[in-house]
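Undergrad: Prediction below, plus the sequence it came from.
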2 protein chains.
Amino acid sequence: MKAVVLLSGGLDSATVLAIARSEGRTCHALSFAYGQRHEIELAASRRVAEAIGVEEHVVFPMDLRVFGASALTDDIDVPKDVAGAPGIPMTYVPARNTIFLALALGFAEARGAQEIWIGVNAVDFSGYPDCRPEFLEAFQRVIDTGTRSGVEHGEPRLIAPLVTMSKAEIIRRGVALGVDYAITHSCYDPDALGHACGHCDSCILRRRGFEEAGVSDPTAYIEG
Amino acid sequence: MKAVVLLSGGLDSATVLAIARSEGRTCHALSFAYGQRHEIELAASRRVAEAIGVEEHVVFPMDLRVFGASALTDDIDVPKDVAGAPGIPMTYVPARNTIFLALALGFAEARGAQEIWIGVNAVDFSGYPDCRPEFLEAFQRVIDTGTRSGVEHGEPRLIAPLVTMSKAEIIRRGVALGVDYAITHSCYDPDALGHACGHCDSCILRRRGFEEAGVSDPTAYIEG
């Protein structure tokens, strides 16, 4: 079965790709060059695609900076040491997963893929509305009403295997599948060499995940 | 009130922009350079934005050709003289309106716009699943569950003023609002000077619309 897999190069999407491969899917990986401050994420996505194995890996260029208004695409400083604070985080990118899923949908339909796999997680990312199951259900309805393949075959189906898993559970699952997390990248604010800052939301969640999973953390952090 | 208006440069979206302006909206027009075969559409969208009046006009570059599989983005010939044939037309672009609305949503949220206006029409374009009211309702639910502004304020709202209008009704409404349809462009297969072919689905629907509206057709057609 053919699947489009959204691949950021982070820990979660690498695990999703490994699960999809372990369940026998032929994977068409899709990444976005969306005006990130760092090319480091894309380099990680290429390493992950190569290591886990995909049919093809398309990097879609798309400059969301024309819209502005997010720490991940703008020149706003990435917030540090505030993981778990209530409300929608500063790092929320307007409609990001809606945009990514819409493009994954075009890609899936063009390739005849029956599934779209996405590594959203409603446990650690509860502040992001577009990481919750009710958002995914709403997007499935968009597929089923708005596309040829949705109307004719009820496809593609959205698959979000991590949605209710903790970071530690995700890491244990990935380790069991042989994922090398050293090649993944999660930090929102790395240095020029790709070392992780250790203090942004993403770094804190990742570091805690390894601790709770009882797995040695292979991440290269900035010294000090 | 601030509104994002999807603007293709065609007859329908020009009419939508004129309606939004007539209802007092401050309009942020959004067009896409999505690997069309012709830049003529974009030139028309710029003329329309200028003539009707917008706060800003953003042209978002996005090359859907990496996904292929449509007569509008691929090298497949545009079908001629088949308007109204049953089924989903060859000119269907996978997930096109889903992709356009997703990006309009990111733009609307970044600008704090309360509405997104789109010129979809379920009468003439009944073969396109993403032009139907049930698709728009599903996308509204994506907004309401998946974005900060949707969760917090139930905005932006999708406005599709043409959805149940015939082409003749659209043209009469636009003429009443002073729209100059000579500056709009609808043809899927124009010549290098931007003259309309007169035989693709879009030309046929447009030509019939002017006839039925009893309005003289200002379109420049290829001779013969």
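TA: That came through fine. Predicted model, so just to flag it, every value in this text is computed and none were measured.
Undergrad: most distant residue from the middle of chain A?
TA: Ranking residues of chain A by C-alpha distance from their mean position (CA atoms, centre = their mean) puts residue A:152 at the top, at 28.7 Å.
Undergrad: for the helix or strand of chain A with the lowest mean pLDDT, packing partners?
TA: The helix or strand of chain A with the poorest confidence is helix A:148-153; it has a mean of 90 (mean pLDDT, DSSP states H and E). Contact analysis of helix A:148-153 by 3 or more CB pairs under 8 Å, 6 or more residues apart in numbering or on different chains; DSSP states H and E lists helix A:96-111, helix A:133-146 as its packing neighbours. Any C-beta I mention is one placed from the backbone N, CA and C, and that applies to glycine too.
Undergrad: roughly how far apart are residue A:164 and residue A:170?
TA: To residue A:170, residue A:164 is 11 Å away according to CB to CB, to the nearest Å.
Undergrad: Neighbour count: these two, which is higher?
TA: residue A:170 (26 against 11; other CB atoms under 10 Å in any protein chain shown).
Undergrad: For the helix or strand where that one lies, give me every contacting residue.
TA: Assigned by DSSP states H and E, residue A:170 belongs to helix A:167-176. Contact partners of helix A:167-176, identified using CB atoms under 8 Å, 6 or more residues apart in numbering or on different chains, comprise A:11-12, A:14-15, A:18-19, A:121, A:123-124, A:162, A:165, A:181, A:205-206, A:208-210, A:212-213, A:215.
Undergrad: May I see the buried residues of it?
TA: Under the neighbour-count criterion of 16 or more other CB atoms under 10 Å in any protein chain shown, helix A:167-176 has A:167, A:168, A:169, A:170, A:171, A:172, A:173, A:174, A:175 buried.
Undergrad: Now distance to residue B:116 and pLDDT too, for those residues, in CSV please.
TA: Formatted as CSV, the buried residues of helix A:167-176 follow (distance: CB to CB, whole Å; pLDDT from 0 to 100):
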residue, distance to residue B:116, pLDDT
A:167, 35, 94
A:168, 40, 96
A:169, 38, 97
A:170, 35, 97
A:171, 39, 97
A:172, 42, 98
A:173, 39, 98
A:174, 38, 98
A:175, 43, 98
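Undergrad: Between those, which sits nearest residue A:186?
TA: Using CB to CB, residue A:167 is the member of those that sits closest to residue A:186, with 10.1 Å.
Undergrad: ok, for the closest one, nearest residue in space, not its chain neighbours?
TA: Once flanking residues are discounted, residue A:167 sits nearest to residue A:209: 3.0 Å by CB to CB, 6 or more residues apart in numbering or on different chains.
Undergrad: tally of neighbours for the one you found?
TA: So residue A:209, with other CB under 10 Å, has 23 neighbours.
Undergrad: helix or strand for it, which one?
TA: Using DSSP H and E, residue A:209 falls in helix A:201-213.
Undergrad: Got a PyMOL select line for the buried ones in the contacts of helix A:167-176?
TA: Here is the PyMOL command that selects the buried residues among these (16+ other CB under 10 Å):
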select buried, chain A and resi 11+12+14+15+18+19+121+124+162+165+181+205+206+208+209+210+213
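Undergrad: re earlier: is the next helix or strand after the least confident helix or strand of chain A up against chain B anywhere?
TA: Heading C-terminal from helix A:148-153, the first helix or strand you meet, by DSSP H and E, is strand A:157-159. No: Strand A:157-159 stays out of contact with chain B when judged by CB under 8 Å from any CB of the partner chain, the minimum separation being 11.8 Å.
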